[in-house]
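> Predicted model follows, preceded by the sequence.
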Amino acid sequence: MKKHEGRILFKLQASILALFFFMSGSIHALEFNWFNDDKEVEMISSDLEFLYSLKFSKTNLLHNKVFGEGNKNTYKEFFEERINTIRKSNTMANMYAFNVDGYRDTIAVTNNFFKLPRLLRIAILIHEARHSEETGNHWHHADCPIPHLDDHGKPFVSDIDGGVLLSGKRQACDSSRLGSYGIVSIMMKNISENCENCNLEMKEQAHKIYQDIKKRIISPLERRMIENNE
Ligand SMILES: [Zn+2]
């Protein structure tokens, strides 16, 4: 082999190697276990595909603190760094989903999960992904205070959770705006304000979820900080 041929071969090998590393870094095989219905797997895959396709004109500092800087693949990286498996649970019928204790890279979803609209399913997946983090001790929830009142002294009611009164609800609130509820509120605020390729209906739904989930942050100051992107 001539010298320059060797160099070309070396370059080709290096390119193939680079391509391999690029692909193995970018293709993440999310595993789906214990599903009997392929339609449910397709639904989650398409929810995530939709989430990953969102483009943003800008993001804010609080958002970047949680989901990383930059506008590209923000939620994809957040989710895929934490979750490797989604499984079906036929128990826990009173829940929508949970991060599996002892298998923190796994989210289990119940039949109820599939009755929700797309943006709420996405909200739940991101919520459970936050629980996978060892830092923040899995961001455990707190009991909502009694009473749990808005700025006008009215009891907080969660409309997206069937009009449930939040006061005194066990393990249904967060003490930090950076917990599982807070970060979904931050994400939905970003979608409602900055999404470039969402239609108006999607933005309005995101705004409603942002406002509703924010009610679960106990501290009025921390709720204000989400509103001000701090
Ligand atoms: Zn939770």
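Happy to help now that I have it.

> which helices and strands sit right next to the host helix or strand of Ser185?
Following DSSP states H and E, one finds Ser185 within helix 180-194. Where contact means 3 or more Cβ pairs under 8 Å, 6 or more residues apart in numbering; DSSP states H and E, helix 180-194 is packed against helix 61-67, helix 118-131, helix 200-214, helix 220-227. Heads up, the C-betas are built off the backbone N, CA and C, glycines and all.

> and of these, who's closest to Asp174?
Asp174 lies closest to helix 220-227 among the helices and strands packed on helix 180-194, at 8.5 Å (Cβ to Cβ).

> on that earlier part again, pull the helix holding Ser185 out as PDB, backbone CA atoms only.
Below are the C-alpha coordinates for helix 180-194, written out as PDB (Å, rounded to 0.1, in the frame of the first residue of the first chain):
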ATOM      1  CA  SER A 180     -40.600  17.500  40.900                       C
ATOM      2  CA  TYR A 181     -43.600  19.700  40.900                       C
ATOM      3  CA  GLY A 182     -41.700  23.000  40.600                       C
ATOM      4  CA  ILE A 183     -39.600  21.900  37.600                       C
ATOM      5  CA  VAL A 184     -42.700  20.800  35.700                       C
ATOM      6  CA  SER A 185     -44.200  24.200  36.400                       C
ATOM      7  CA  ILE A 186     -41.000  25.800  35.100                       C
ATOM      8  CA  MET A 187     -41.000  23.600  32.000                       C
ATOM      9  CA  MET A 188     -44.700  24.400  31.200                       C
ATOM     10  CA  LYS A 189     -44.100  28.100  31.700                       C
ATOM     11  CA  ASN A 190     -41.300  27.900  29.200                       C
ATOM     12  CA  ILE A 191     -43.500  26.000  26.700                       C
ATOM     13  CA  SER A 192     -46.400  28.500  27.100                       C
ATOM     14  CA  GLU A 193     -44.200  31.500  26.700                       C
ATOM     15  CA  ASN A 194     -41.300  30.600  24.400                       C
END
